[in-house]
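**Student:** here is a sequence with its predicted model. Questions after.
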Amino acid sequence: MTSAESTIEKVNKNLARRYRAEQRFRLYGILSVLFGLSCLVVLFTDIIGKGYKGFVSTEIYLTVDLSSDDLGISDPEVENAFMQADFEGAIKRALYARLDVTDRRAKRALNALISSGASYALRDQVKRQPELLDSSHGFWLLADDDVDTWYKSVDSKSPFTGRLSDEQLTWLQTLDFSGELRTALNTTFFTSGDSREPEMAGIMGAALGSFFTVLVTLLLSFPIGVAAAVYLEEYAPKNRWTDLIEVNINNLAAVPSIIFGLLGLAIFINFFEMPRSIPLVGGLVLTLMTLPTIIISSRAAIKAVPPSIREAALGLGASKMQMVMHHVLPLAMPGMLTGAIIGMAQALGETAPLLMIGMVAFVVDLPGGVMDAATALPVQIFLWADSPERAFVEKTSAAIMVLLGFLFLMNALAVWLRRRLERRW
Amino acid sequence: MNISEHTAQAHADKTVGEPLVKNAKMSMRGVNVFYADKQAIYGVDLDIGRNEVIAMIGPSGCGKSTFLRCLNRMNDTIDICRVEGKLMLENQDIYDPSLDVVPLRARVGMVFQKPNPFPKSIYDNVAYGPRIHGLASRRTELDEIVETSLRKAGLWDEVKDRLHGPGTGLSGGQQQRLCIARTIAVSPEVILMDEPCSALDPIATAKIEELIAELSENYTIAIVTHSMQQAARVSHRTAYFHLGKLIEVNDTEKVFTNPDHDLTEAYITGRFG
């Protein structure tokens, strides 16, 4: 009896300490989660705080005289009539007229306020609506990136540290005062490729490049990865060679991605003489990089299929291939897809190997396929972050937001697919 | 007599009783099974008669499941497993290297310890075997096979309204009967049952036992069981395994009332096991 009581006493004595330890343990967990969350919040506030301005651009209202003679358009029906027309001059004249400038030096300072892309936008609009010719019309024209930066700093009441002279600032204040400056949705950003002019630079080229690259990666790495995983799990004999293969696949998963870039440079570009900077080579390199991830996750998914299901199929006289195709693969599919999508997300965010194979090039045109020179989203971010123009700061953040958006979408897709395909057994 | 003496005796003795029958469905001679270097079955000679239910009993690890899995080469899936001896299904050598296991397993079906329906509908579970073997050319034919199989397994009335519901949604006993229906859907000649009731409650067990009795009219059945009452209830002949050796084979009644071998008696009276 006494010994039983003393046991209880001992237990009780320790109980408080055990509960305290338990609470501390929980607290550590909560602190870790909070730390992670706060880092994420800081990161997102910074990126979104800088980046949201990238989605709007500043425009200047100008009344432009579109007389055919001044523009040099003799017949609007003729092909190339608009290509050779002098819209830039028309815009400049409108600008001089609006601000009463005659001095050559001042004219040059004034020209710097309008983006060089404004004339192209105007040309395209007039080409669509030829009835605008031979009369004066008001247009909202894209401002230069320095104006953009200044106007946004006025908006947010933050100090302006740009490259505008006092004279230019006076003109801008005049325009602002009379409501001839506005910010509008920056469609250029979503529809065009890269540019030296920040206000003309868009994410579409890089997004298409990324799309083609990831498409090539997915089409190659998923079938190859699944086939390799099925062979290794279901068919390969368990011997020293397969052990060696397994160890090497695990090692490959840990190889830094830049090494894969070098490999791609040596094999695809130097040896097979494929062109540089194309999504096909990028996709091949990223395939090499994602394959280990897909093989490992697919093998895990195949391993997780209960052996009783395999026995049931074999016991009924299913061949090995029927067992794999009818039972193992459908049951392993959610896991394999999740692995593949995570691999794709990794590939989408990969920069280093793409640098090695020349997808870091300055590409203005939108790529139309896997054989066109292109860049990719993360490389575009790298390029913009490296640019000296102040206005690229917000472009960089905006591009990061676009990339993160794609990554979220892909992860959400992975979760949805897993829920959708998961079956109980 | 203690266990080690039993062991010594088991290794010394030949099978007693009547392991061989005339006009056997399956006959096995000198079967040795090895897992890598470890021998699991020692020189078993056994015949399984036509339309007979033979029960294999014995303590855990005695090799009765291993022996059962040799009969339709399910042991092929285990890399390290090696089978020696002559195993015949009528005139067919089961371990003939040129033999295709697919038709063999269509002739010798198997029901496993844990109910293992596919994560598909009840209909698809039963139809799977006929589909892969191409037994039905038309939809109506397949429907008929499914219905007959489910009726034979005594499950039809319980599931006829939800044939396209998931097979995994059934109770344990129903799942096991579904697995039996799935096995008989390919019309095997022999059905191997590896402790089919060990995961079931007594009522579900009773249903399966009734089913075995009915099935024995058309099929040859070999059943491994841990329950001696079950062996006594369902089987015609009983084989007692001990440490990889076949100790005694006799009519079930004789095994459970007046066994020839001391070890059999010791096991069925519960002195060890």
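**Tutor:** Received the coordinates, thanks. Residues are numbered from 1 along each chain as shown, chains lettered A, B, ... in the order given.

**Student:** with just CA atoms, put stretch B:131-141 into CSV.
**Tutor:** Written as CSV, here are the backbone C-alpha positions of stretch B:131-141 (Å, rounded to 0.1, in the frame of the first residue of the first chain):
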residue,chain,number,x,y,z
ARG,B,131,-12.8,-7.8,-68.3
ILE,B,132,-9.1,-8.4,-68.3
HIS,B,133,-9.6,-12.0,-69.4
GLY,B,134,-12.1,-10.9,-72.0
LEU,B,135,-14.7,-13.3,-70.8
ALA,B,136,-17.7,-11.2,-71.8
SER,B,137,-18.1,-9.8,-75.3
ARG,B,138,-21.2,-7.8,-74.6
ARG,B,139,-22.4,-5.6,-71.8
THR,B,140,-25.4,-7.8,-71.0
GLU,B,141,-23.1,-10.8,-70.7
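
**Student:** residues of that stretch that come out buried?
**Tutor:** For stretch B:131-141, the buried set under the neighbour-count rule, 16 or more other CB atoms under 10 Å in any protein chain shown, comprises B:Arg131, B:Ile132, B:His133, B:Leu135, B:Ala136. Yep, even glycine has a C-beta here, placed from its N, CA and C like the rest.

**Student:** how close does the fourth one sit to chain A?
**Tutor:** Using CB to the nearest CB, to the nearest Å, we find B:Leu135 at a distance of 11 Å from chain A.

**Student:** residue ranges with poor pLDDT in the chain?
**Tutor:** Since you didn't name a chain, this refers to chain A. Chain A contains residues with pLDDT under 70 at A:1-4, A:423-425.

**Student:** you looked at the wrong chain, it should be chain B
**Tutor:** Ranges of chain B meeting pLDDT under 70: B:1-13, B:272-273.

**Student:** what parts of it come near chain A?
**Tutor:** Proximity of chain B to chain A, by CB under 8 Å from any CB of the partner chain, involves residues B:72, B:74, B:77, B:79, B:101-106, B:109-110, B:112, B:114, B:116-119, B:128-129, B:132-133, B:166, B:168, B:179, B:182-183, B:186.

**Student:** narrow the residues you listed to those in helices?
**Tutor:** Residues from the residues of chain B next to chain A lying in helices, with DSSP state H as the criterion: B:101-106, B:128-129, B:132-133, B:179, B:182-183.

**Student:** does A:Leu417 touch A:Met336 like I think?
**Tutor:** No. Using CB atoms under 8 Å, A:Leu417 is not in contact with A:Met336, being 10.1 Å away.

**Student:** which SSE is A:Tyr61 in?
**Tutor:** strand A:56-65 (DSSP states H and E).

**Student:** of the ones in helices among the residues of chain B next to chain A, just the buried ones, ChimeraX syntax please.
**Tutor:** The following ChimeraX line selects those of those that are buried, judged by 16+ other CB under 10 Å:
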select /B:101,102,104,105,106,128,129,132,133,179,182,183
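
**Student:** which two of the ones in helices among the residues of chain B next to chain A have the greatest separation?
**Tutor:** Farthest pair in these (CB to CB) is B:Pro103 and B:Cys179. Separation: 20.6 Å.

**Student:** could you pull out the helices for the stretch 1-150 of chain B?
**Tutor:** B:3-12, B:64-70, B:101-107, B:122-133, B:139-152 (DSSP state H, counting those that start in this stretch).

**Student:** buried set for the longest one?
**Tutor:** Along helix B:139-152, these residues count as buried under the neighbour rule (16+ other CB under 10 Å): B:Leu142, B:Ile145, B:Val146, B:Glu147, B:Thr148, B:Ser149, B:Leu150, B:Lys152.

**Student:** how far away is A:Leu377 from B:Thr264?
**Tutor:** 76 Å (CB to CB, to the nearest Å).

**Student:** so who does B:Met56 touch?
**Tutor:** Counting by CB atoms under 8 Å, 6 or more residues apart in numbering or on different chains, B:Met56 touches B:Lys64, B:Phe67, B:Leu68, B:Ala222, B:Ile223, B:Val224, B:Thr225, B:Thr238, B:Ala239, B:Phe241.

**Student:** residue 114: neighbouring residues, count only.
**Tutor:** Unless you meant another one, I'm taking chain A. 23 (other CB atoms under 10 Å in any protein chain shown).

**Student:** ah, no, chain B please
**Tutor:** Close neighbours of B:Lys114, defined as other CB under 10 Å, add up to 17.

**Student:** also B:Ile203?
**Tutor:** 8.

**Student:** pretty sure B:Val101 contacts B:Met74?
**Tutor:** No. If you go by CB under 8 Å, B:Val101 and B:Met74 don't touch, sitting 9.0 Å apart.

**Student:** just the strands in the chain please.
**Tutor:** If you meant another chain, say so; for now it's chain A. A:56-65, A:136-142, A:181-185 (DSSP state E).

**Student:** wait, chain B was what I had in mind.
**Tutor:** B:16-17, B:24-35, B:38-49, B:53-57, B:81-89, B:92-93, B:108-111, B:190-194, B:220-224, B:237-242, B:245-251.

**Student:** looking at the ones you listed, which one is packed in the most?
**Tutor:** strand B:237-242 (a mean of 28; mean count of other CB atoms under 10 Å in any protein chain shown).

**Student:** got the residues of chain A near chain B?
**Tutor:** Residues of chain A lying near chain B (CB under 8 Å from any CB): A:237-238, A:306, A:308-319, A:322, A:326-327, A:331, A:423-425.

**Student:** tell me which residue in the stretch 151-273 of chain B sits closest to chain A.
**Tutor:** Closest residue of the stretch 151-273 of chain B to chain A, CB to the nearest CB: B:Thr168 (5.7 Å).

**Student:** so that residue is in contact with B:Pro119, correct?
**Tutor:** Yes. Between B:Thr168 and B:Pro119 there is a contact under CB under 8 Å: 5.6 Å.

**Student:** counting neighbours, what do you get for the nearest residue to B:Ser227 once chain neighbours are set aside?
**Tutor:** Nearest residue to B:Ser227, sequence neighbours excluded (CB to CB, 6 or more residues apart in numbering or on different chains): B:Cys197, at 7.1 Å. Neighbours of B:Cys197 under the rule other CB under 10 Å: 25.

**Student:** cool, A:Phe382 as well?
**Tutor:** 18.

**Student:** the residue nearest to it when sequence neighbours are not counted and B:Cys81: what is the separation?
**Tutor:** Nearest non-adjacent residue to A:Phe382, counting by CB to CB, 6+ apart: A:Thr351, 5.8 Å away. Using CB to CB, we find A:Thr351 at a distance of 51 Å from B:Cys81.

**Student:** over to B:Leu71?
**Tutor:** Distance, B:Leu71 to B:Cys81, using CB to CB: 14 Å.

**Student:** just A:Leu122 next, same as before
**Tutor:** A:Leu122 is 81 Å from B:Cys81, by CB to CB.

**Student:** so B:Thr225 sits against B:Ala55, correct?
**Tutor:** Yes. At 5.9 Å, B:Thr225 counts as touching B:Ala55 under the criterion of CB under 8 Å.

**Student:** what do those two both touch?
**Tutor:** Both B:Thr225 and B:Ala55 are in contact with B:Ala231, where contact means CB under 8 Å, 6+ apart.

**Student:** neighbours of residue 254, just the number please.
**Tutor:** Just going to use chain A. By other CB under 10 Å, 7 other residues sit near A:Ala254.

**Student:** hmm, I had chain B in mind actually
**Tutor:** 17.

**Student:** same check, this time on the one 4 residues further on
**Tutor:** Close neighbours of B:Asn258, defined as other CB under 10 Å, add up to 10.

**Student:** next: B:Asp262.
**Tutor:** Residue neighbour count, defined by other CB under 10 Å, stands at 17 for B:Asp262.
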